[in-house]
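>>> fold the following.
(2 chains)
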Amino acid sequence: MTARMWWKTALGILFTALMLFPVYWMFNVSLTKTSDMRADPPHWFPWDPTFVGFSDVFAQQLPALVTSLVIGLGCVALTLAISAPAGFSIAKLRPRGAGPLNFTLLVAQMIPSVVMAMGFYAIYVRLGWLNTVWGLIIADSTIAVPFGVLLFTAFMSGIPQELMHAAKIDGAGAWRTFRSVVLPVSRNAMLTVSLFAFLWAWSDFIFASTLNRNGDQIPITLSIYSYIGNNTTQWNSIMATAVVASIPAAVLLVVAQRYVAGGVTAGAIKD
Amino acid sequence: MRSTSPKTAGGTEADGREAVVTPPSGPSGGRVDGPPENVARRSRLREPRWAALGFIAPLLAYLAIFYAYPLYRNVDLSLHDYTPRAFVMGNPEFLGLANYVDVVTSDAFGLALRNTALFTFVSIAAQYAVGLALAVFFHNNFRLSGLLRGMFLIPWLLPWIVSASTWSWMMNSENGIVNSVLESFGIGQINWLTSPDWALTSVIIANIWLGIPFNLVILYAGLQNIPKDLYEAAALDGASVWQQFWRVTFPLLRPVSAVTLLLGLIYTLKVVDVIWIMTTGGPGNSSTTLAIWSYREAFGTGQPEFSPAATVGNLLIVIALVFGFVHLYLQRRQERT
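Numbering: from 1, shown residues only, chains lettered A, B, ... in the order given. So this is what the prediction gives:
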């Protein structure tokens, strides 16, 4: 039996290695010298690494990384500010029309980003909001807000009614109940929503490439894209940027795998 | 974790106040039955309406300004002839449905539709098959299975531009690792990204890779909901592992499978990043899907053509909504059973 299990572990490692090969390759290329880049066959291991790519990243990409960080955090703040109260209202205060609203949110998640990007472009042209960081924060938040409301609603529906009732007996109004009872209890839901809002904003390319094409402050995804366009030979620098751009995803996966898996299954599985 | 079913709760919510009488079947914490519930209900009725409205008002305003209005603008774009000049001046000519007729009757439409169908269906079929196989494999709970399963999530979390650039370099004709490996097996150079015969296949391969983690996670969670004793009973009856899969796992996983496939479908229809970065829809139109077509008309060239772009985009919405409603219908039905 144990021998059989070891055999499965070995197979599991093999599958994982195959799956993660492109990620490894990104690392490998980021450390390859420009002169070895077109070697045939390619170098499988970075025996003779160069850190030119990474020093290029720190020389050129830091502003873009900071912009992405600001956009990501802004998007988290905006998403939480809108979706947490809305989730509380739908779950506990039962406003009129909650059914149609839920339906609208589900449909909203199906609208392709490219369509939203065109609508936003048409509006931002008039308002002069193109190439601004807040314009991008708002656009990116449209990916996360419907998800956030649905997740908060589901989570807050599970908060025991007697907890709400106790708050009421103590004389707490709706706002006080929300802030002092519901929000602290909903920490897990807030973490999951924040995590996805951040990752989606950080990874966004469509909105960045349409609404912030000529801005001074471009996010990292767009920076990589224009870098590829301008430097078709320096793949070590391109891949080094890609590695750095992947750091938030890696960190969040290590720190919060539970919440990631929970968020992915949200809505797809019935308990 | 507790918050795994917003749509489930949403569905119950849609039935209005009845939800108070029959609480959602989802995570119900320490719900109280009988008299305390009645007290809670009575006090909720006394809850001022303005509080409910106040908490939801930001969302309503947000949806109106940042969802409804952009969509309205999009429909508006598709019904007029917005040249770049008219776009800024705001005096376009009204065309009615002429843009739609133009798009549907153009030569590119048939190809784009075929590419969209191939890209979407081949991607999700392969993602599902591989995802299911891996989910069943990881369900064995061997040593390190949790860690390895976590590592499988990495491709899904990386920014798509990162994955797509990596795949572009791996599939480079002269210097890519893919061709180098194939060469050692005696297969000649394949122009993955620059040949019209291979471009669509290449972006499908990259997209399958991107989607496997999503399928794995959902299907794995679905497997965990299948009671263990069913397998024990099947094993007692002498069912082989293969029979157990086809007679127990697969039928019981059907609802989860349907949801996974439909969600995958809705996501895959929208994909722009991966294709745009790897091939920009080319060479020619050989890897152009509807989403790419729309993106290219509006933003991909120096000459933005917003009206046709919005028209293609709206057609894409209609297709996505059709499958979306199938998804919602199936989910409602699943809840009733």
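
>>> next, count neighbours for the spatially closest residue to A:Ser203 that is not a sequence neighbour.
Among residues not flanking A:Ser203 along the chain, B:Pro159 sits closest, at 3.7 Å (CB to CB, 6 or more residues apart in numbering or on different chains). In this view, the C-beta of every residue, glycine as well, is placed from N, C-alpha and C. Residues contacting B:Pro159 under the criterion other CB atoms under 10 Å in any protein chain shown number 25.

>>> and for the one 10 residues further on?
Residues near B:Trp169, counting by other CB under 10 Å, number 22.

>>> once you drop chain neighbours, what's closest to it?
A:Trp235 (5.6 Å).

>>> roughly how far does the one you found sit from B:Val181?
As judged by CB to CB, to the nearest Å, A:Trp235 and B:Val181 stand 18 Å apart.

>>> now do B:Met171
Note on B:Met171: its distance to B:Val181, by CB to CB, is 11 Å.

>>> ditto for A:Leu93
Counting by CB to CB, the gap from A:Leu93 to B:Val181 is 60 Å.

>>> got it, and A:Phe51?
27 Å.

>>> over to A:Pro184?
Remark: distance between A:Pro184 and B:Val181 (CB to CB) = 54 Å.

>>> those two: which has the busier surroundings?
For A:Pro184 versus B:Val181, the count of surrounding residues by other CB under 10 Å is larger for B:Val181: 13 against 9.

>>> quick check: which element contains that one?
Assigned by DSSP states H and E, B:Val181 belongs to helix B:177-184.

>>> can you give me the buried ones in that helix?
B:Ile177, B:Val178, B:Asn179, B:Ser180 (16 or more other CB atoms under 10 Å in any protein chain shown).

>>> of those, which ones also sit close to chain A?
B:Ile177, B:Ser180 (CB under 8 Å from any CB of the partner chain).

>>> name the residue of the stretch 1-150 of chain B that lies nearest to chain A.
In the stretch 1-150 of chain B, the residue that lies nearest chain A is B:Pro70 (2.6 Å; CB to the nearest CB).

>>> I'd like to know how many residues surround the nearest residue to that residue once chain neighbours are set aside.
Excluding its sequence neighbours, the residue lying closest to B:Pro70 (CB to CB, 6+ apart) is A:Gly119, at 2.6 Å. Using other CB under 10 Å, A:Gly119 has 26 neighbouring residues.

>>> which ones are touching A:Gly119?
A:Gly119 makes contact with B:Tyr69, B:Pro70, B:Leu71, B:Tyr72, B:Arg73, B:Asn74, according to CB atoms under 8 Å, 6 or more residues apart in numbering or on different chains.

>>> what's the separation between it and A:Val125?
Distance, A:Gly119 to A:Val125, by CB to CB: 11 Å.

>>> do A:Trp200 as well
Plainly put, A:Trp200 is 24 Å away from A:Val125 if you go by CB to CB.

>>> neighbour-wise, which of the two wins?
Taking other CB under 10 Å, A:Trp200 and A:Val125 do not tie; A:Trp200 has more neighbours (21 against 14).

>>> for the more buried one, which non-adjacent residue is closest in space?
Using CB to CB, 6+ apart and skipping the chain neighbours, the partner closest in space to A:Trp200 is A:Ile143 (4.8 Å).

>>> in JSON lines: the buried residues of helix B:177-184, plus pLDDT.
Listed next are the buried residues of helix B:177-184 as JSON lines, based on pLDDT from 0 to 100:
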{"residue": "B:Ile177", "pLDDT": "88"}
{"residue": "B:Val178", "pLDDT": "90"}
{"residue": "B:Asn179", "pLDDT": "87"}
{"residue": "B:Ser180", "pLDDT": "87"}
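
>>> which of the buried residues of helix B:177-184 sits closest to B:Asp273?
Comparing the buried residues of helix B:177-184 against B:Asp273 with CB to CB places B:Val178 closest, at 20.3 Å.

>>> which ones are touching that closest one?
By CB under 8 Å, 6+ apart, B:Val178 lies in contact with B:Met170, B:Met171, B:Ile190, B:Trp192.

>>> if we can go back for a sec, mind saving the C-alpha coords of the helix holding B:Val181 as CSV?
Taking C-alpha atoms only, helix B:177-184 is exported to CSV below (Å, rounded to 0.1, in the frame of the first residue of the first chain):
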residue,chain,number,x,y,z
ILE,B,177,12.1,25.1,-26.7
VAL,B,178,9.0,23.4,-28.2
ASN,B,179,10.5,23.0,-31.6
SER,B,180,13.9,22.1,-30.1
VAL,B,181,12.2,19.2,-28.2
LEU,B,182,10.2,18.1,-31.3
GLU,B,183,13.4,18.2,-33.4
SER,B,184,15.1,15.7,-31.1
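
>>> which SSE is immediately downstream of it?
That would be, after helix B:177-184 and using DSSP H and E, helix B:199-224.
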